[in-house]
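Q: Need coordinates for the below:
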Amino acid sequence: MDVIDMIVEILDKCRGGAAPLTSMGDPVLRRPADPVTGQIDTTLLKELSELMLATMHATHGVGLAAPQIGIPLRIAVIGDTAEVPEDVAAARKRIPVPDYTIINPMYTAERDSVGFYEGCLSLPGYQAVVPRPETVHAEYEDLDGVRHVERITGWPARIFQHETDHLVGTIYIDKALTRSLASNEMYKSRWAQPTPAQAAEALGFPLPQHIR
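A: Sure thing, here's the model as predicted:
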């Protein structure tokens, strides 16, 4: 089945709802996705984006990559309007991000790494600390084919990196400090402070010095 048939099939199955998620262990999550090079018309591309956004919202995520619904294309959606405490927002530089779609994205680091807990819809039930560049030089195309070049920092940069990594077959756990791995229940009850400094001390994993 070619990718257009795959998209049409999943759109037909999921009209008015969310798409099922692929889980860790599915090969589609470990293969580099194909670039979007005009093989899909704009209408179908926008319908896929709408389905991905609906799925992201239904699963309470802040991003979703096409391979996470079984489509091996370099497309992802991002949106973060969750309300968080002021101290958490300040420490993580987490600001609201309206929904948008990134096509053929890439990034390069501009600042030193910081470490915070992350989770993934394709690996539910757990979170782990991932060191990532705090600021990145990001490039991507939008749904109309316009190329964007932006400097993104803080939590929005973390989301952009997480989703772009999915498109090259990388899952957050590949970059995580594995000693920090915690169930969602344990994270919420013990390690949900603005930074993971307490978790690092108790569990014995290193953190970039400037977020301690």
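
Q: Pick out the residue closest to the middle of the protein.
A: Nearest to the geometric centre of the chain sits E163, at 3.4 Å (C-alpha atoms, centre = their mean).

Q: Tell me the confidence at it?
A: Looking at E163, its pLDDT is 98.

Q: for Q161, helix, strand, or coil?
A: The three-state label given to Q161 by DSSP: H, G, I helix; E, B strand; the rest coil is helix.

Q: what number of residues lie near the spatially closest residue to it that is not a sequence neighbour?
A: Leaving aside its sequence neighbours, Q161 sits nearest to R132 (C-beta to C-beta, 6 or more residues apart in numbering; 5.3 Å). No exception for glycine: its C-beta is placed from N, CA and C like everyone else's. Using other C-beta atoms under 10 Å, R132 has 22 other residues around it.

Q: about what we covered before: right, and the residue nearest to the centre of the chain touches I102 too?
A: Yes. Applying C-beta atoms under 8 Å, one finds E163 in contact with I102, separated by 7.0 Å.

Q: so what sits against both of the two?
A: With contacts taken as C-beta atoms under 8 Å, 6 or more residues apart in numbering, E163 and I102 have 76-78 as neighbours in common.

Q: Out of those, who's the most crowded?
A: For the shared contacts of E163 and I102, neighbours tallied by other C-beta under 10 Å; top is A76, 29 neighbours.

Q: For the protein, which segments count as strands?
A: Assigned by DSSP state E, the strands in the chain fall at 63-65, 75-80, 97-109, 113-118, 126-133, 135-141, 147-153, 177-183.

Q: which helices and strands does the first one pack with?
A: Okay, so that is strand 63-65. Packing partners of strand 63-65 (3 or more C-beta pairs under 8 Å, 6 or more residues apart in numbering; DSSP states H and E): helix 42-58, strand 75-80, helix 155-166.

Q: of all the ones you listed, which lies closest to A19?
A: Of all the helices and strands packed on strand 63-65, helix 42-58 sits nearest to A19, with 4.7 Å by C-beta to C-beta.

Q: Identify each buried residue in the closest one, please.
A: Judged by neighbour count using 16 or more other C-beta atoms under 10 Å, the buried positions of helix 42-58 are 45, 47-49, 51-56.

Q: Looking at those, spot the one nearest E141.
A: L45 (10.3 Å).

Q: Could I get the pLDDT score of that closest one?
A: Predicted confidence (pLDDT) for L45: 96.

Q: Make sure it is actually in contact with V36.
A: Yes. Using C-beta under 8 Å, L45 is in contact with V36, at 7.3 Å.

Q: Mutual contacts of those two, please.
A: Contacts common to L45 and V36, judged by C-beta under 8 Å, 6+ apart, are 75, 103.

Q: Since that was my last question, I'll sign off now.
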